[in-house]
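# got a sequence here, can you model it:
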Amino acid sequence: MPELLPGWTGSFTHATIHLGWALDAGHRWMTVEGLAYLAFSYATCHPERASAPSGDGTSPVESLLRVAGEWDERRDELAHWVARILADTSPVEDGRIHPELLRSGLQFRIARTLIEGHPLFYDTPAWTADDDWEPLYYAVTLLYLAYPGDFVLLHLITSLHAVEQIALRLPAAERRRAVVSFWIGLLGTVFSGGDFPRRAKLDALHRLFSGATDQERDDDWDTTVGRAVLEEEEHNPKLVYVLRRVWERSGRRSIYRVAAAQFTATPELPPSFDEPPVA
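Down below sits the predicted model:
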């Protein structure tokens, strides 16, 4: 896993989800499949480029707000940077990205952004050395609530659960590397869409939810769970499963209950999927 974990975003995080959820369920064969899937879909986020941890950003949400502030100040520059690198398919031509990813569009965008990299990805915050994962769940859930129902951002929640499950089974020295890889991959995934939530919106959501907790709201969860199991899109019950677990262990923070009810729709496949797969 130390060799494979830098490729956790490969196949749009599905390999990582496959492995992490197999470990959560204690399913040996699904674990074997997840390892094979990670090896097959490997596309590194280059954690070796990360700087030494700095004091800039004492919590994941502060780091998220700092990056959002950079986008506010440099939105045109960063959007043009993303558009420029996505227009350059040379990593496919030289073999660094499998040509099949061009068909999916989304997977190519993520892999291409992470291969290029950006200095903002590698400014490693000090909190990556912490053992408490809940603040990172909070930041990722805040990001999801900025665009509720977003299919891409939902995957960052379900894959965070997977990365945590994997990291808990790694030697202590490798756990921080797992968090650093997740943070780099998260930024690359969001950047690859050519946009980032406004800091003012994230700030407002943070003020709304930072201290909000539920008292007795199990009935709300029953309704959300009941809706989730009726959904055809499999990622919705996964979202509910993860966020209910974090809600329980965080002292019933309201943000997780609210976000769990923000379901996503299955996206339409691009026309390129009408063509045969690339060998």
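# any low-confidence regions in the stretch 151-279 of the chain?
Applying pLDDT under 70 to the stretch 151-279 of the chain picks out residues 216-219, 269-270, 272-274, 279.
# can you pull out the strands in the stretch 151-279 of the chain?
With DSSP state E, counting those that start in this stretch as the criterion, the stretch 151-279 of the chain has no strands.
# what segments of it are helices?
With DSSP state H, counting those that start in this stretch, the ranges of helices along the stretch 151-279 of the chain come out as 151-167, 172-191, 199-209, 218-228, 235-249, 254-260.
# and the angle for the second one with helix 151-167?
Meaning helix 172-191. On the basis of axes from the mean of the first three to the mean of the last three CA atoms, to 10 degrees, helix 172-191 is oriented at 170 degrees to helix 151-167.
# can you give me the buried ones in helix 172-191?
Using 16 or more other CB atoms under 10 Å as the test for burial, helix 172-191 gives 175-191. Any C-beta I mention is one placed from the backbone N, CA and C, and that applies to glycine too.
# alpha carbons only: can I get it in PDB?
Written as PDB, here are the backbone C-alpha positions of helix 172-191 (Å, rounded to 0.1, in the frame of the first residue of the first chain):
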ATOM      1  CA  ALA A 172       2.300   4.900  11.900                       C
ATOM      2  CA  ALA A 173       5.000   6.400   9.800                       C
ATOM      3  CA  GLU A 174       2.900   5.900   6.600                       C
ATOM      4  CA  ARG A 175      -0.400   7.400   8.000                       C
ATOM      5  CA  ARG A 176       0.800  11.000   7.600                       C
ATOM      6  CA  ARG A 177       1.800  10.200   4.000                       C
ATOM      7  CA  ALA A 178      -1.700   8.900   3.400                       C
ATOM      8  CA  VAL A 179      -3.200  12.200   4.700                       C
ATOM      9  CA  VAL A 180      -0.800  14.300   2.600                       C
ATOM     10  CA  SER A 181      -1.700  12.200  -0.500                       C
ATOM     11  CA  PHE A 182      -5.400  12.700   0.200                       C
ATOM     12  CA  TRP A 183      -5.000  16.500   0.500                       C
ATOM     13  CA  ILE A 184      -3.000  16.800  -2.700                       C
ATOM     14  CA  GLY A 185      -5.400  14.600  -4.600                       C
ATOM     15  CA  LEU A 186      -8.400  16.500  -3.200                       C
ATOM     16  CA  LEU A 187      -7.000  19.800  -4.500                       C
ATOM     17  CA  GLY A 188      -6.100  18.300  -7.800                       C
ATOM     18  CA  THR A 189      -9.600  16.900  -8.200                       C
ATOM     19  CA  VAL A 190     -11.300  20.200  -7.400                       C
ATOM     20  CA  PHE A 191      -8.900  22.200  -9.500                       C
END
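# packing partners for it?
helix 60-87, helix 106-116, helix 119-122, helix 134-146, helix 151-167 (3 or more CB pairs under 8 Å, 6 or more residues apart in numbering; DSSP states H and E).
# so what's the residue nearest the centre of the chain up against?
The geometric centre of the chain, computed from its C-alpha atoms, lies nearest to Leu156 (CA atoms, centre = their mean), at 2.4 Å. Residues near Leu156 by CB atoms under 8 Å, 6 or more residues apart in numbering: Thr13, Val140, Leu143, Tyr144, Leu186, Thr189.
# many thanks, we can stop here.
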